[in-house]
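*Asks:* Show me the folded form of this:
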Amino acid sequence: MTLLRLQDETLGHGGRAVLSGVSLTLAPGERVVLLGRSGAGKSTLLAAVHDRLRAETRVALVPQEHGLVPQLSAEKNALMGRLDDHGALRNFRTLVRPCAEDRAGVAQVLSALELEAQARQRVETLSGGQKQRVALPASAGGAARGTGNLSEAAREADLVLLDAYGVLNVGETPIPGAAERVAALRAAGKRVAVVSNSAGYPKRHMMARWQRLGFDFSESEVTSSREALLERLRGDPRHWGIMLGTGHGTEDLGDLKVSFLGDDPRTYAEAEGFLLIGASDWTEARQKLLEAALAAQPRPVFCGNPDLVAPRENGLSLEPGYWAHRLADATGIAPVFCGKPFPEIFDLARARNGPALPPGRVLMVGDTLHTDILGAQARGFRTALVTGHGAMKALGCAQSFAQAGLRPDFVMPSI
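*Replies:* From the prediction side, this is the model:
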């Protein structure tokens, strides 16, 4: 039985060939030693082997940089090796207060590595050799791998799903090089699509905007949380009060019966439920009117954009997800969210662009851990986090990964 076979392949990264004519066959249970001088391409070969194997089986790559969080203990770093086995809430709880079963399992591993006495010690206080040993269990789930651009991350993907804000654009400004990278993916035979929580505009406006920003997406290649919300409410007879700017009227809203929420309390009182779609015109005064209306008469709330913030030219804007969470805190009414990280939007995008593809052949590229990365990992997709333009720009990756209990497969400053 063959575990892996490479035949006369060229391997590299960042669009640069490092190794050519590579042939390698690995069998289950086989132990292989890779020798070579510094810079010969050992890490490139190991990364390629890891990427090929992880599509089919669980495999760990222990990087030279260890991939550890220095401020956390050896025990908690070791626990990170099992993040892929559980959901985000379980992972967050584990990193804050591990259960007895998890602690016992990690204790066995650390004991075998002769690190039992260092279990509660911060990694930054350990010796170099001790850090190397902690990296073994910490890498069991696969550490996030830094990469220079999207082409390398997409090498094993057939469909690349791209977030909009923070990946392709910042507000009304395209990110330099993004359109060219999309074109390069197409030239390499990849399917490319946008999956965005931008819900405040109708599809016609959105497509005109993409063209203006220099992108050539077709309508079927763009899926928004607005579409996921409308699909969820198709045929619903209720009268909804909607958080949405009035500039485009009811375009794209189909047969939904709606009234725009403004400054008149009667609109809030008469609605049978509320849809939070776009927050460009929303104010603190309107938020108080909505909270008061729900306190007086609880009704269903749907949020068509789960994002908390979005990157703009002058900073971060507050999005419907932010107001929805505030509403839940104030009233106790849990909104129904439509958009990333929830499954309907990912399923809609796949149905349009690659319904028969295995999840492991889909790569989601986003700038936010709790929407793009969390939702994609829940669907079994590979993930890449862009850190240079959106919410992650001012945050440290290692600390953010530890706090969220999430690690993308790839990290890059820009696509």
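
*Asks:* Which parts of the stretch 51-200 of the chain are strands?
*Replies:* With DSSP state E, counting those that start in this stretch as the definition, the stretch 51-200 of the chain shows strands at residue ranges 145-146, 159-162, 169-170, 173-174, 191-196.

*Asks:* Partner strands of the second one, with direction?
*Replies:* Looking back up the chat, that one is strand 159-162. Partner strands and pairing direction for strand 159-162 (DSSP bridges) are strand 191-196 (parallel), strand 362-366 (parallel).

*Asks:* Could I get the buried residue list for stretch 316-329?
*Replies:* Leu316, Glu319, Pro320, Gly321, Tyr322, Trp323, Ala324, Leu327 (16 or more other CB atoms under 10 Å). Using the backbone N, CA and C atoms, a C-beta is placed for each residue, glycine as well.

*Asks:* before we move on, back to that, export the strands paired with strand 159-162 to TSV and tack on mean neighbour count, mean pLDDT and distance to Ala27?
*Replies:* Listed next are the strands paired with strand 159-162 as TSV, based on neighbours: other CB atoms under 10 Å; pLDDT from 0 to 100; distance: least, CB to CB, whole Å:
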stretch	mean neighbour count	mean pLDDT	distance to Ala27
strand 191-196	23	96	34
strand 362-366	27	95	29
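
*Asks:* need the ones you listed in TSV with distance to Ala179, can you?
*Replies:* Below are those laid out as TSV (distance: least, CB to CB, whole Å):
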stretch	distance to Ala179
strand 191-196	11
strand 362-366	14
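
*Asks:* Tell me which of those strands sits nearest to Leu150.
*Replies:* Each of the strands paired with strand 159-162 was scored for nearness to Leu150 using CB to CB, and the closest is strand 362-366 (6.5 Å).

*Asks:* Give me the contact list for the closest one.
*Replies:* By CB atoms under 8 Å, 6 or more residues apart in numbering, the list of residues contacting strand 362-366 from outside reads 150, 153-154, 157-163, 166-167, 195, 340, 346, 350, 354, 372-373, 375-376, 379-386, 415.

*Asks:* remind me which residues of the stretch 301-415 of the chain are low pLDDT?
*Replies:* In the predicted model, the stretch 301-415 of the chain carries pLDDT under 70 at residues 394, 396, 398-399, 402.

*Asks:* where do the helices sit along it?
*Replies:* Secondary structure of the stretch 301-415 of the chain, counting by DSSP state H, counting those that start in this stretch: helices at 320-331, 343-353, 374-378, 397-404.

*Asks:* Can you list the helices and strands that the shortest one packs against?
*Replies:* Spelled out, it's helix 374-378. With contacts defined as 3 or more CB pairs under 8 Å, 6 or more residues apart in numbering; DSSP states H and E, the secondary structure elements packing on helix 374-378 are helix 343-353, strand 362-366, strand 382-386.

*Asks:* Show me which positions of that helix end up buried.
*Replies:* Within helix 374-378, the residues that qualify as buried by neighbour count (16+ other CB under 10 Å) are Leu374, Gly375, Ala376, Gln377.

*Asks:* Leaving out sequence neighbours, find the closest residue to the last one.
*Replies:* In other words, Gln377. Distances taken as CB to CB, 6 or more residues apart in numbering put Thr383 closest to Gln377, at 5.8 Å, once the chain neighbours are dropped.

*Asks:* Do I have it right that the one you found meets Gly375?
*Replies:* No. Counting by CB atoms under 8 Å, Thr383 stays clear of Gly375, with 9.3 Å between them.

*Asks:* where does Ala292 land on pLDDT?
*Replies:* At Ala292 the predicted local distance difference test score is 97.

*Asks:* what's around it, how many residues?
*Replies:* In terms of burial, Ala292 registers 15 neighbours under the definition other CB atoms under 10 Å.

*Asks:* quick check, it in a helix?
*Replies:* Yes. Assessed with DSSP: H, G, I helix; E, B strand; the rest coil, Ala292 lies in a helix.

*Asks:* Quick one: residues contacting it.
*Replies:* Residues in contact with Ala292, defined by CB under 8 Å, 6+ apart, are Pro265, Tyr268.

*Asks:* Same check on the one 4 residues further on?
*Replies:* For Ala296, the contacting residues are Ala269, by CB under 8 Å, 6+ apart.

*Asks:* how close does it get to Tyr268?
*Replies:* 9 Å (CB to CB, to the nearest Å).

*Asks:* before we move on, back to that, show me the one of the strands paired with strand 159-162 that comes nearest Thr25.
*Replies:* Among the strands paired with strand 159-162, strand 362-366 comes nearest to Thr25, with 26.9 Å by CB to CB.

*Asks:* any idea how far the closest one is from the chain center?
*Replies:* Centroid separation for strand 362-366 versus its chain: 7 Å, with CA atoms, centre = their mean, to the nearest Å.

*Asks:* Buried ones in stretch 200-218, by neighbour count?
*Replies:* Neighbour-count burial for stretch 200-218, counted by 16+ other CB under 10 Å, picks out Gly200, Tyr201, Pro202, Met206, Met207, Trp210, Leu213, Phe215, Phe217.
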